[in-house]
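# Quick one, structure for this:
(3 chains)
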Amino acid sequence: MTTRRQLLSQSAQVAAMLTTLGFFPERAKAQAANFNAAAFEAKSMPDLMKALNGAQPVESKDITVTGPDIAENGAVVPVGASTALPGVKRMLLLVEKNPSMLSAVFDVSDAIEANFSTRVKMGQSSNVYAVAMMADGRVLYATKEIKVTLGGCGG
Amino acid sequence: MTMRTLSALVAIAMLSGAALAQQKTAAEAIAEYRAMMADDNPAELFEAKGEDLWKQKRGPRNATLAQCNLGKGPGVVKGAFVELPRWFQDTGKVQDLESRLLTCMETLQGFDASKIIHTPFGTGEQSTIESLVAWIASESRGMRLNIPQSHPQEKISYEIGKRAFFYRAGPYDFSCASCHGQPGKRIRLQDLPDLTGNPGDGVGFAAWPAYRVSSGELWGMQRRLNDCFRQQRFPYPGYTSEVIIALSSYMGVNSNGSVSVAPALKR
Amino acid sequence: MADPMRIRAQASAEKTTVRVLMAHEMETGFRKDASGKIIPAWYIQEVTAQLNGKVVLSAQFGPSVAKNPFLQFTVKGGKAGDKITVSWTDSKGDKRSDEATVS
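As a prediction, this is how the structure comes out:
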């Protein structure tokens, strides 16, 4: 059972992650102006430990992250992010232990469902996050661990 | 026993039961992973390219492959894949798909087959062959393997393949049979099919060519089998060498009747 | 110019599911070649899609999206015969745009 302390710690990590990626530009002082480059170049895990800026990301049962429990090879891992909640502005897919944590960003409009699937590279077993950034400022996430193996003869 | 101990034991028993019921084996988890990507196989990108390349005028003779005979008559592609390797009258040899493509690329289009044989995989005309092989295999997808053993050379090819399969050599004294000679073997998390018999639909010989996610490349059967030798710490026998074709005869005939799913998706 | 995408768009009830396979190396910029030199990063950065000319999808990819990227998204509405166009731009500025008919 997840304690409140663990929950807060986990949300703190997600908040720090999002800050590192430049998602709270009004509060993050030293972030690059270009969202894309800054977001996708964030590399270091210690950045996760920075102070919380912006909305506290909250784990939510209304967000769904999909993926296999074990990936036979980390080069191609099918993952998905979805939610039935109204008022989503953006969905993100993060792989916690990758050098570039942010894998993909999907803008959500009236024309499209908040439901996306893609395939990512995972350097090692890691938690994968589906994050929904809501129009009202809330940031919600779901997470799942995906184990990555190196199978066969290794070649 | 106190009531407290008893209820604790009951609680533990219930939790263990629940945990066991939820636990997936690694094999099941990997089967799920593969199923998640069964549709939308990147091999489709190679299939599309292959179809174009078959119809494109290429090579010094600026000709298409439309007249290429893969065993069922010039230009007949549908169903040809599941009947290879087979004996061909014009070359007097048992040929698999890739050696037959070399024959066609040379005689119809004017390419130099010996140059292609020494071209590294994934480059130059080897890339062309990858795409052709993906498309040609896809044109037999869902059909049952029906590799012939009617010509004496075809039978000899099978016998050579069988001997090669069990031939132990190299610094590790491996043979193909070391990994694929008995049912129920596994290397790390990969189940190893028994290739001395018919391992079933879409398994083993019926699952190549394939898109390999580990390298993002399309591997033909020649590359797959040559690489098996590398993994056994042997040198490559060579692209379209007689022993590789013979091994295809042996494993292919053993799998006759099973459904081909090529090009498949592999680790 | 890059190889064509493979696009499948299937209409059902009140939505259209679109599945795309893109041909691209998606090089992360972390790998080294045989001589030890870094292979430069090269990856699709932006993906958009239009249904009958109206933009329905706007997405950004990073280098950790797998080689030969797959993408599935669901458009509200849409019916058989509609035109789906998917376009991408990569980190070198190369572009690719392909069309498919909704079935």
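# going forward, measure contacts and count neighbours with C-alpha atoms only.
Noted.
# out of everything not next to it in sequence, what's closest to residue 41?
Going with chain A. The shortest distance from A:Glu41 to any non-neighbouring residue, by C-alpha to C-alpha, 6 or more residues apart in numbering or on different chains, is to A:Ser100 (5.8 Å).
# My question was about chain B, not that one.
That would be B:Leu265: by C-alpha to C-alpha, 6+ apart, it lies 6.4 Å from B:Asn41.
# show me the residues around the residue nearest in space to the middle of chain B that make contact.
With distances taken as C-alpha atoms, centre = their mean, B:Trp208 lies nearest the centre of chain B, 2.2 Å away. By C-alpha atoms under 8 Å, 6 or more residues apart in numbering or on different chains, the contact set of B:Trp208 is B:219-221, B:261-264.
# Name the helix or strand for the residue sitting furthest away from the middle of chain C, please.
Most distant residue from the mean C-alpha position of chain C: C:Ser35, 31.8 Å away (C-alpha atoms, centre = their mean). Assessed by DSSP states H and E, C:Ser35 sits outside every helix and strand.
# ok, now which ones touch it?
Contacts for C:Ser35 (C-alpha under 8 Å, 6+ apart) come out as none.
# on that earlier part again, which secondary structure state does the residue nearest to B:Asn41 sit in?
Assigned with DSSP: H, G, I helix; E, B strand; the rest coil, B:Leu265 falls in the strand class.
# my guess is it contacts B:Ser215, does it?
No: look at B:Leu265 against B:Ser215 with C-alpha atoms under 8 Å: they stay out of range, at 11.7 Å.
# The residue nearest to B:Asn41: neighbour count?
Other residues lying near B:Leu265 total 23 when counted by other C-alpha atoms under 10 Å in any protein chain shown.
# got a list of what it touches?
Shown in contact with B:Leu265 (C-alpha under 8 Å, 6+ apart): B:34, B:37-38, B:41, B:43, B:210-213.
# Any part of the helix or strand where B:Glu28 lies near chain A?
Under the criterion of DSSP H and E, B:Glu28 resides in helix B:26-36. Yes: residues of helix B:26-36 contacting chain A under C-alpha under 8 Å from any C-alpha of the partner chain: B:26, B:29-30, B:32-33, B:36.
# Please, a PyMOL command that selects the buried ones among those residues?
Applying 16 or more other C-alpha atoms under 10 Å in any protein chain shown to the residues of helix B:26-36 next to chain A, the buried members can be selected in PyMOL as follows:
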select buried, chain B and resi 29+30+32+33
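# Kindly reformat the residues of helix B:26-36 next to chain A as a markdown table containing distance to C:Val75 and pLDDT.
As requested, those are exported to a markdown table (distance: C-alpha to C-alpha, whole Å; pLDDT from 0 to 100):
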| residue | distance to C:Val75 | pLDDT |
| --- | --- | --- |
| B:Ala26 | 35 | 83 |
| B:Ala29 | 31 | 90 |
| B:Ile30 | 31 | 86 |
| B:Glu32 | 27 | 90 |
| B:Tyr33 | 26 | 91 |
| B:Met36 | 21 | 91 |
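# so which of the residues of helix B:26-36 next to chain A would you say is closest to A:Asp110?
Set against A:Asp110, the nearest of the residues of helix B:26-36 next to chain A by C-alpha to C-alpha is B:Met36 (28.0 Å).
# Skipping adjacent residues, who's closest to the closest one in space?
Nearest-residue entry for B:Met36: A:Pro78, 7.0 Å, with adjacent residues in sequence omitted and distances by C-alpha to C-alpha, 6+ apart.
# and the one you found, what does it touch?
By C-alpha under 8 Å, 6+ apart, A:Pro78 lies in contact with A:67-68, A:117-120, B:33, B:36-37.
# Select only the buried ones of those residues in PyMOL?
Entered in PyMOL, the line below selects the buried ones among these, by 16+ other C-alpha under 10 Å:
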select buried, (chain A and resi 67+68+117+118+119+120) or (chain B and resi 33+37)
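# Reformat the contacts of A:Pro78 as JSON lines; add distance to B:His151.
Listed next are these as JSON lines, based on distance: C-alpha to C-alpha, whole Å:
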{"residue": "A:Gly67", "distance to B:His151": "50"}
{"residue": "A:Pro68", "distance to B:His151": "47"}
{"residue": "A:Ser117", "distance to B:His151": "50"}
{"residue": "A:Thr118", "distance to B:His151": "49"}
{"residue": "A:Arg119", "distance to B:His151": "47"}
{"residue": "A:Val120", "distance to B:His151": "49"}
{"residue": "B:Tyr33", "distance to B:His151": "42"}
{"residue": "B:Met36", "distance to B:His151": "42"}
{"residue": "B:Met37", "distance to B:His151": "40"}
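# Just the closest of the contacts of A:Pro78 to B:Gly181, please.
Closest approach between the contacts of A:Pro78 and B:Gly181, by C-alpha to C-alpha: B:Tyr33, at 26.4 Å.
# Distance from stretch B:155-163 to the middle of the chain?
Offset of stretch B:155-163 from its chain centre (C-alpha atoms, centre = their mean, to the nearest Å): 18 Å.
# Please list the outside residues in contact with it.
Applying C-alpha under 8 Å, 6+ apart, the contact partners of stretch B:155-163 are B:94, B:149, B:243-251, B:253.
# mind redoing it with 6 Å?
Applying C-alpha atoms under 6 Å, 6 or more residues apart in numbering or on different chains, the contact partners of stretch B:155-163 are B:149, B:246-247, B:249-250.
# any chance of those in CSV, plus pLDDT and distance to C:Ile84?
CSV is the format used below for the contacts of stretch B:155-163 (pLDDT from 0 to 100; distance: C-alpha to C-alpha, whole Å):
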residue, pLDDT, distance to C:Ile84
B:Gln149, 98, 49
B:Ala246, 98, 47
B:Leu247, 97, 46
B:Ser249, 98, 45
B:Tyr250, 98, 47
